[in-house]
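Q: 3D, please:
(chains A, B, C and D, ligands or ions: 4)
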Amino acid sequence: MSLKTTAPEAEGTTGREPSGRRERASGGLLATVYRIPHLGLTLVLLLVVLFTATQTDAFLTEGNLINVLRQVSITAVIAAALTLVMVAGGMDFSMGSSAYIIAAFAAQLIDSGTSVTVTILASIGLAMGIGLVNGLVVTYTKVAPFVVTLATATILDGFQLVVLDGKTVSSGDALAGLGAGYFLGLPNLTCTALVVLAVTALIMKYTTYGRDLFAIGGNEHVARLSGIGVNRNKLLLYAGAGALSGLAGVMLLSRLVSSSPSPGGGLMLQLGAVAAVVIGGTSLEGGRGTVVGTILGVILLGVVANALNLLQISSFYQPVSVGTVLVIAAVANQLQKSRHQTH
Amino acid sequence: MSLKTTAPEAEGTTGREPSGRRERASGGLLATVYRIPHLGLTLVLLLVVLFTATQTDAFLTEGNLINVLRQVSITAVIAAALTLVMVAGGMDFSMGSSAYIIAAFAAQLIDSGTSVTVTILASIGLAMGIGLVNGLVVTYTKVAPFVVTLATATILDGFQLVVLDGKTVSSGDALAGLGAGYFLGLPNLTCTALVVLAVTALIMKYTTYGRDLFAIGGNEHVARLSGIGVNRNKLLLYAGAGALSGLAGVMLLSRLVSSSPSPGGGLMLQLGAVAAVVIGGTSLEGGRGTVVGTILGVILLGVVANALNLLQISSFYQPVSVGTVLVIAAVANQLQKSRHQTH
Amino acid sequence: SNGDETTAAAGDGKYTIGFVNGNNTEFHTCLQGAIEKKAEELGVELYTANSTQDAGKELSNIEDMISRGVDAVIVQTVNVDAVEADIAKAKAANVPIYLTSVLLDDMDDVLGASVVPLADVGKMDAQLVEKDAAGKQVEVGVVAGAPGAASDVLVGGFTDNLPGTAKVVANQPGMFSPAKAQEVAENMIQAHPGLDYVFVANEEMAFGALNAFKAAKSSVKIVTNNGTERGVEAVKNGTFLGTVSNPAQTTGANALESAVKLLDKDKSVEKITRTPLTLVTKDTADQAPAYCAE
Amino acid sequence: MITPAVVRVRGVTKSFGGAAALKDVGLELHPGEIHALMGMNGAGKSTLVNVLAGVHQPDQGTVEIDGHAHGSLTMRQARRLGISFVPQRRELVMGLSVAENILLGVLPVKGGRVSWSTVKAEARKALDALGIDLDVEQSAGALTVAEQTMVEVAREVRRGGRVLILDEPTACLGAHASQQVKALVRRLRDEGIAIVYISHYIDEVLEVADHVTVMRDGQVVHTAPAADLDGPGLVKHMVGRDVVSKRPTRPAPQDEVGLKVRGLSRGRYIRDFGVEVRKGEVVGVLGAAGDAQSYLFDLLSGRAQADTGELLVDGRPVRLGKVRHSLRSGLRCVTGDRRNLGIIPGLSVDENLMLATDRFAGRRLHRDAEQSRRAAPRRDTYGVVTLSRNPAISTLSGGNQQKVLLAKWLETAPSVVFLEDPTNGVDVAAMADIHTIIDDLAGRGVAVLLASSSAEEVMRLADRAVVVRSGRVVAEHDITRITRDELVATALGGNNS
Ligand SMILES: Nc1ncnc2c1ncn2[C@@H]1O[C@H](COP(=O)(O)OP(=O)(O)OP(=O)(O)O)[C@@H](O)[C@H]1O
Ligand SMILES: Nc1ncnc2c1ncn2[C@@H]1O[C@H](COP(=O)(O)OP(=O)(O)OP(=O)(O)O)[C@@H](O)[C@H]1O
Ligand SMILES: [Mg+2]
Ligand SMILES: [Mg+2]
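A: Residues are numbered from 1 along each chain as shown, chains lettered A, B, ... in the order given. Ligands and ions are numbered 1, 2, ... in the order given. Below is the predicted model:
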C-alpha cells in the first residue's frame, strides 16, 4: 500500500528522519561506555576476581577455574530455563525441587537396572510432565505462578522422600561419564550447561517463539490479540522448564553419584538460580531479560562462593558476604539501567 | 515489586473488565453468595476442619485450638506486616531472618543482664533500623524489593551466627509472661498477634497512610502525580515491617525460651508468611489485599500443620499435603475472584 | 601431583588438612572448634569450609580443597551416604577422606572415621526409659530429626530397644529445629495426653519440646541426646530424665588426631574411632564430660 | 492581558538517550488564559508539560513559578505549587474505586480516620460538575477509556490550583463529553486559572484557546493570540504546508455483506446489537462516551464471550469469544485502549509493527535487521517518527504509538476491520493520511466498521452511521442525507431521535 498522498514526510524532514544522526551527534565516550550491556555486573565480577586473585594464588589456577565452572553448571541450566519463564512474565519456583526429585527417580531407575539412556529419557519425560502440570494450573486457573510453583516445590520435596523411601540410593558408575568426564578440557557438566545456555539464547533472539515470550511477558492481552497462542506457548514454556529441571536433576545425580533425602535442598538450588537470573537483569515483571546477564549472574555467585572458601572467610560471615555482593551487583546493574533507560 | 505474574492480576490492571460491571447488575442468591469475601478460602478451611474433626477427637478440643492459635501467632505478625508491604507493591523476604536475628540479639541482651523492657525496646529499635536499610535500598536504588530483601535475609542469617557465636543462648524466665502467659483465656502471643492484625486492618482501611499504600501499589506513578510522598511512605513501610519483625523475634524468643543457630529457619518462617498472605488473596503485584484474607491464610496453614501431626501422617507426605492444600486454596480463592471482580 | 605432595608433606611431618563442615548448628560449631584447636596443637595447617546442609555445596567444597592441594579432607557430611561422590572425587585426586559422625558400608576408600554410635545412643535412652518405667505399661512419643539416615538410625536404636511394656504412640519429625519440635510436641501432648516418655533426637529440640510440655502442664519425661552444658544442667535439675553425652569436641579432636596418625601410617590408631558415650542421669550428671571446648 | 505570568518556562532542553525532545523552549502562562499547545506528533508537547508537572527534569533551563526559578521540579513540588495535570496516558489506580481515585492523596479525614461518606459525596460532586453520571463505588478498572479520562479531569479540576494542564483530554471523548470539558475549561479560565490545553483538533483549539503556541521538532515555532490565527494558518505553522482532508469519491459499496452482526448482547452494555457492513462500505457507530464502543471491541476481537449473538464475516459464521477464530475470519479489530490492549511497551517499534503479520505468516525465525527492513515501508506510509533507530515503543509520542497500532493491523490484508477511534491522538497531517488509508481500504472492498467518538470523523469517512444508546441501535442514517449537527444531536439523544 503506497499512500504517499500529500505525505508529511515530504516537508517534515527536519524532525522526521535525522533521528539517527541526532543520536550519533550527542553522546561521546561516556555514553558509549554506559551503553555496554551489563557493564555494572561485569565490573563487580571483575572486582571480585581481581581481589581474590591478589589474595590467594589458588584462585587463578586452571584446576580451580574448572572447579568453579563445574560447580555452577547445574544452577546454570535451571537459570537458563528460568530466564525464559521470567521473560514471559512467569515464575517457576519448583525447578530446584524438580531436579532433586528427578535425581532420586533416576537413581532408583538405575539402581533397579534400567539402562542409562532409558533412565535419562524417562527422567526428562517425567520432569516435563511435572512442568506441564505447573503450566496447566498456571495457565487455566490464573493463580500467580509464584504460588503454584512454590506449592509444587513443597509437594515434590515430599515425593522425593517417598521415591527414596527416606534412604540414600546410589547410581554407581552409570553416570560417571556425564558427572566426571571432560570434553575439550571442560567438564561435561559445563559443556551441557553451555549448550543449554546457547540454545536458550538463540531461542530468545532468533525464534518467533522466543519473541512470543517477550510479548507475553510485556503485555499478555496484546500478545493474545496479535494471534499469539498464549496458552499453548505457556504450556510449552513450563513443560520445557520442567524438562530442563529434569536435565538438571540428571546432572545433579551424575555429580553427587547418589540421591539422598534433602529437604530444602531443592529450594536452595532454586533460590540460587533466581538470584542469578535477577541480578543478571531479567525483570521479575516479565518482558525483559538476557541469557548473557544470567550467565554473568551465575558465574558471579559461583566465583563469590569459591572465593569465600579460598579466602578462608569464617562460615558465619559467608552468608553476609554473599548477601552483600548480591545487593551490590543488583544495584550496579540497576544504576546503569536507569541511566541508560528512559522510563 | 515483585514476583509479578501475568495471568490473574493482569486482568485487574488492564483496563476494563466487562465482567466486573455485569456481576453488579445480575442478582439472585448465587450472586450474593459469590460476593461473600474469601468464600473459596473459607470453604477450604472448613473442609479441612471438618475432615480432621471426624478423624480425630483431639482436634476440636479447647487445648488443641489454643495450641494452633499460639503456633500461628508469630507467622501472623509477620504476615500482617507483609500484607501492608505487598499491598504497596513491595516485598520483604527478610522478615523471618530478621525475627531470628532479633531473637538471638534479645537473648544475648537478657543473658547479659539487661532488663526486659530495655531489651524489647532495643530489639524493636534494631529491627526497625534493619527495615529502614531495606527501605532505603529499595526506594533509592530501584532494585526489585524481592532481590534486596532476599539478600538482606542472607546477610542476617550470617549475623545471627555471629551474634550467637554459634552457640545457644537462653533467655531464662525473663519473657515467660509473653511466651507462656494467658489473657482472657488466650495465649498472650495470640493476643499480641490479634492486636497487630487489628491495627493493620484499621491502618489499611481508615488512614490516609494505608490508602496511600494502596495507591502506591496500584500505580506508583499516579501516586506520585497525586502528591503522595511515595518515598517517605515506603521508608516508613519497610521500617514498620522491620519493627514488626523485631516484635516477632521477641515473640519467638519468648516462645522458644532460647535462641540457637538456625540456618534457614528465618527463610522457612518467611515462606510460611508469604504463602499465607498470598493465598489470603493479597496480590503479588500490589494494590490489593485484606487482613481478613491474611488471617484466613495463616489459620489455614496452621490448621493443616496441626491436622497432619494429629492424624499421624507420615513425614514424607506432610509436605505433599501442605502443597496440595496450598494449591487448592489458591485456586479456590482465584476462581471466586475471577467470577466476581471486586477490588 | 597431589600424591607427590602428600608424601613430601609427610616427610617433614607437617600436613595441610581440609575440614568440610556440614552446617552451622551448635554441634557443627563445636566440632569445628575442636578440630581447629587440635590442628593448632599438632601444627597442622587447616583449611575449613561449610556446606550449609547442601550436598552439592559439599562436593564443591571438597573440589576446592583438592585444588588447594590438601593432604586429607575431614568431612562432616550433610547426608550420611551422600559422601560417595566426595570419596570418588577425592580418590581420583589421591586425597584421602576422613569422616566424622558417620560410617559407610564400605570403608575401603576412606582414610578413617570418628563416629558417634547413634544406634547405641538410642539404645541407652531406651534402656533408661525401661529402667525408669520399671515394668509399668507406658506410652512413648518420639520427636525425630529430619528424614534421613542419621535420624533413622538414632530413632531405630531407641524404638528397637524399648521394652514390650512401652508403646510408641507418636513419631513425628522435628526437623532438628527447636521451633518445629515445640510445635510437634504441643500437638503430640494434645493428641496423647497420657504420654509418659518422649525421646527427642537432640537437646536443642528437647528444649523446644520441654516448653510445650511445660505449657501443657504435662509431666512427660524427656530423654534425649548430646550432653551439652545446658542439657546436662537440665538433667541435673530434673528437667530431663536423661541424656546421652557424646561430646562434639571429642569427636572433632579424635578426627584430626587420628587423621594425622593415619596419614603417618601410625599403626597405633584404629581406622574407626568411636566417641565414648556416657549416659547422663541426675546421679551421674556431675561426671558428664564437657561437650564443647571453650 | 497584562497580568504577570504564573509560569515562565525558560530555555528548557530535554534529551532522551542523546536525542533532544525539547530544545531551548520558552513559554509563558498567564492566569485566566487558555494556552493551547499544538504541533505534530513527536513535536514535544507532552514532554514540555511533563517538565512543567515535574515528571521529567530538564537537562537545561528553568521553570519559573511566581518568580521562583526551579531547575528540576518533582511531581510533589509541582503539585504543591498548584499545578494540576491530566497526562496523555490514562493514569488511574485500577484496583481502587472511582471515588477514591478522585480524592487520591487528599482523602478527607474526620476524627482521625478516613470518612468514606465524605469521599463518596465529594467524588460525586466533582463528577456532577462535569455532568458525568458514574457509579463512584465501582472500581476504576471497570471504566472505559473515555470514562477514565473524565474521572481524571474531574480529579484534577477538583484539586484546583493555579495551573491546569490537559494533555489531549478530548482525544477519545465523544461530542457531548468534549463539550462538557470545554465548558468546564472556560469556566475555570474565568475563575482565573491558567490552562494548558493540548489538542490536535484545530476547530476545538480555535474555539477555546486564548493563546496558541505551536511546536515543531522540540522547538517553539510560533506563538500568538488565538484571535490572530485561522485554521489553515495554524496548520501551516505546524506542518509547514497545507493539509486537506476531504471526502473523496469512493467506488460504491459492493452488494456482498462483509460483516454481519445479529442480536449481540453482553450484560447491560450491548443489547441486541445488530449491524451489516457491505464490502467497500464504511459504517460509523456513534454513541455517547462510554457506550458500546469498547464493549464491541471486546466482543468482536474475541476477547470476551457474548451472552447471545451471531457474527458473520464474509458470510461465514465466526465463533464468538475466541481471539483465534476472530482473527482467522479476516476480521481485524483496532482497539481504542492503546495502552492496555494496543502496544507491548517493552518491545521495539518494529517488533510492534510486525507482531501480527509475522504471527499470521507462521514465521518461525526472527531477525531484528530483517524485520526492520520489512517494517520500514510501514513506518514510511504511516509516518512513524522516532528519535533513535528502533527504540522501545513506550518511548514514542502518543500519536506515533497510534500510527504503529494502525499500521500493525491495517497491513495484515484484512477483509473486515473494526476501528475504535483510529485517529486518537494523531496530528492533522497524519489524520488526513490515515483517512486516506481507510478510504483506500474501503476502495479495495474491505468492510469497515468505525466506532468513533468524533462526529467529524464519521462524517468524513462513513457511508452510513448507526447511533447506539444504552447498548442498542436507536437510529441509522445515510451520511449524505444528514448534517454533522443532526448526527451529533441524534447521538446525544436530542430531539431528532
Ligand atoms: N521517555 C522517553 N524516552 C525516549 N524518547 C522519548 C520519551 N518521551 C518522549 N520521547 C520522544 O520525544 C519526542 C517528543 O515526544 P512527545 O511525547 O513530547 O510528543 P508530543 O508532541 O506529545 O506528540 P503527540 O502529539 O504524538 O502526543 C518524541 O520523538 C518521543 O519519541
Ligand atoms: N475504598 C473505598 N472506596 C469507596 N467507598 C468505600 C471504600 N471503602 C469503603 N467504602 C464505603 O464507604 C461506606 C462507608 O464506610 P465507613 O462506614 O467505613 O465510613 P463512613 O461511615 O462513611 O465514614 P464517616 O461516617 O466518618 O463519614 C461503605 O459503604 C463502604 O463500602
Ligand atoms: Mg503527546
Ligand atoms: Mg458512617
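Q: near ligand 1 at all, stretch D:431-444?
A: No. Under the criterion of C-beta under 6 Å from any ligand atom, ligand 1 is not reached by stretch D:431-444; the shortest gap measures 11.0 Å. Placement of C-beta: from N, CA and C, glycine included.
Q: quick check: mean pLDDT across that stretch?
A: Averaging pLDDT along stretch D:431-444 gives 91.
Q: and it, how far out from the chain's middle?
A: With C-alpha atoms, centre = their mean, to the nearest Å as the basis, stretch D:431-444 stands 19 Å off its chain's centre.
Q: Mind listing what's buried along it?
A: For stretch D:431-444, burial by neighbour count (16 or more other C-beta atoms under 10 Å in any protein chain shown) applies to D:431-442.
Q: One more: stretch C:110-127?
A: Result for stretch C:110-127 [16+ other C-beta under 10 Å]: buried residues C:110-127.
Q: Which is the succeeding secondary structure element to the lowest-mean-pLDDT helix or strand in chain C?
A: Lowest by mean pLDDT, DSSP states H and E among the helices and strands of chain C is helix C:2-12, with a mean of 42. Per DSSP states H and E, the first helix or strand lying C-terminal to helix C:2-12 is strand C:16-21.
Q: Would you mind checking the average pLDDT for that next one?
A: Here the average pLDDT along strand C:16-21 is 94.
Q: Show me what secondary structure element comes after it.
A: Defined by DSSP H and E, the subsequent element after strand C:16-21 is helix C:26-42.
Q: what's that following helix packed up against?
A: Identification of packing neighbours for helix C:26-42 by 3 or more C-beta pairs under 8 Å, 6 or more residues apart in numbering or on different chains; DSSP states H and E yields strand C:16-21, strand C:45-50, helix C:248-263.
Q: and of those, who's closest to chain A?
A: strand C:45-50 (3.5 Å; C-beta to the nearest C-beta).
Q: I would like the residues contacting that closest one, please.
A: With C-beta atoms under 8 Å, 6 or more residues apart in numbering or on different chains as the test, strand C:45-50 has contacts from A:309, A:312, A:315, A:318, C:14-24, C:28, C:32, C:35-36, C:39, C:61, C:64-65, C:68, C:70, C:256.
Q: Over to stretch D:298-311?
A: For stretch D:298-311, the external contacting residues (C-beta under 8 Å, 6+ apart) are A:221, A:224-225, B:16, B:18-19, D:259-267, D:270, D:273, D:295, D:297, D:317-318, D:320-327, D:331, D:333, D:335, D:341, D:418, D:449.
Q: ok now it, how far from the chain's centre?
A: On C-alpha atoms, centre = their mean, the centre of stretch D:298-311 falls 24 Å from the chain's centre.
Q: Give the buried residues for it.
A: Of all the residues in stretch D:298-311, those buried under the rule 16+ other C-beta under 10 Å are D:298-304, D:306, D:309, D:311.
Q: How about stretch C:28-42?
A: So for stretch C:28-42, counting by 16+ other C-beta under 10 Å, buried means C:28-39, C:42.
Q: tell me the average confidence for that stretch?
A: In the prediction, stretch C:28-42 has an average pLDDT of 93.
Q: where do the strands sit along the stretch 51-200 of chain A?
A: A:169-170, A:182-183, A:186-187 (DSSP state E, counting those that start in this stretch).
Q: Likewise for the stretch 251-400 of chain D?
A: For the stretch 251-400 of chain D, the strands defined by DSSP E, counting those that start in this stretch occupy D:257-266, D:270-278, D:282-287, D:308-313, D:316-317, D:331-334.
Q: how much does the stretch of helix or strand residue A:302 belongs to deviate in direction from strand C:16-21?
A: Assessed by DSSP H and E, residue A:302 sits inside helix A:291-310. Counting by axes from the mean of the first three to the mean of the last three C-alpha atoms, to 10 degrees, helix A:291-310 points 120 degrees away from the direction of strand C:16-21.
Q: so how far is helix A:291-310 off the chain centroid?
A: For helix A:291-310, the separation from the chain centroid amounts to 12 Å (computed by C-alpha atoms, centre = their mean).
Q: what's the angle between it and strand C:45-50?
A: If you take the same axes, to 10 degrees, helix A:291-310 sits at 140 degrees to strand C:45-50.
Q: what packs against helix A:291-310?
A: Secondary-structure packing of helix A:291-310 (3+ C-beta pairs under 8 Å, 6+ apart): helix A:39-55, helix A:62-87, helix A:188-206, helix A:265-279, helix A:317-340, helix C:55-67.
Q: again, 6 Å this time
A: helix A:39-55, helix A:62-87, helix A:188-206, helix A:265-279, helix A:317-340 (3 or more C-beta pairs under 6 Å, 6 or more residues apart in numbering or on different chains; DSSP states H and E).
Q: Let's see the shortest one as CSV, backbone CA atoms only.
A: C-alpha atoms of helix A:265-279 as CSV (Å, rounded to 0.1, in the frame of the first residue of the first chain):
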residue,chain,number,x,y,z
GLY,A,265,17.8,-28.7,49.0
GLY,A,266,15.7,-28.0,46.0
LEU,A,267,14.6,-24.7,47.3
MET,A,268,18.1,-23.6,48.0
LEU,A,269,19.1,-24.6,44.5
GLN,A,270,16.2,-22.7,43.2
LEU,A,271,16.9,-19.5,45.2
GLY,A,272,20.4,-19.5,43.8
ALA,A,273,19.1,-19.7,40.3
VAL,A,274,16.5,-17.0,40.9
ALA,A,275,19.2,-14.7,42.4
ALA,A,276,21.5,-15.3,39.5
VAL,A,277,18.8,-14.5,36.9
VAL,A,278,17.6,-11.4,38.7
ILE,A,279,21.0,-9.9,39.2
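Q: does any part of that helix sit near chain B?
A: Yes. Against chain B, helix A:265-279 shows contacts by C-beta under 6 Å from any C-beta of the partner chain at residue A:278.
Q: Ok, stretch D:336-347 next?
A: Yes. Using C-beta under 6 Å from any C-beta, stretch D:336-347 reaches chain B at D:337, D:340.
Q: near ligand 3 at all, that stretch?
A: No. Under the criterion of C-beta under 5 Å from the ion, stretch D:336-347 makes no contact with ligand 3; the nearest approach is 12.0 Å.
Q: Give me the contacts around that stretch.
A: Residues from elsewhere that reach stretch D:336-347, judged by C-beta atoms under 6 Å, 6 or more residues apart in numbering or on different chains: A:215, A:218-219, A:221-222, A:287-288, B:14-15, D:89, D:145, D:172, D:335, D:352, D:392-394, D:401, D:405, D:420-421.
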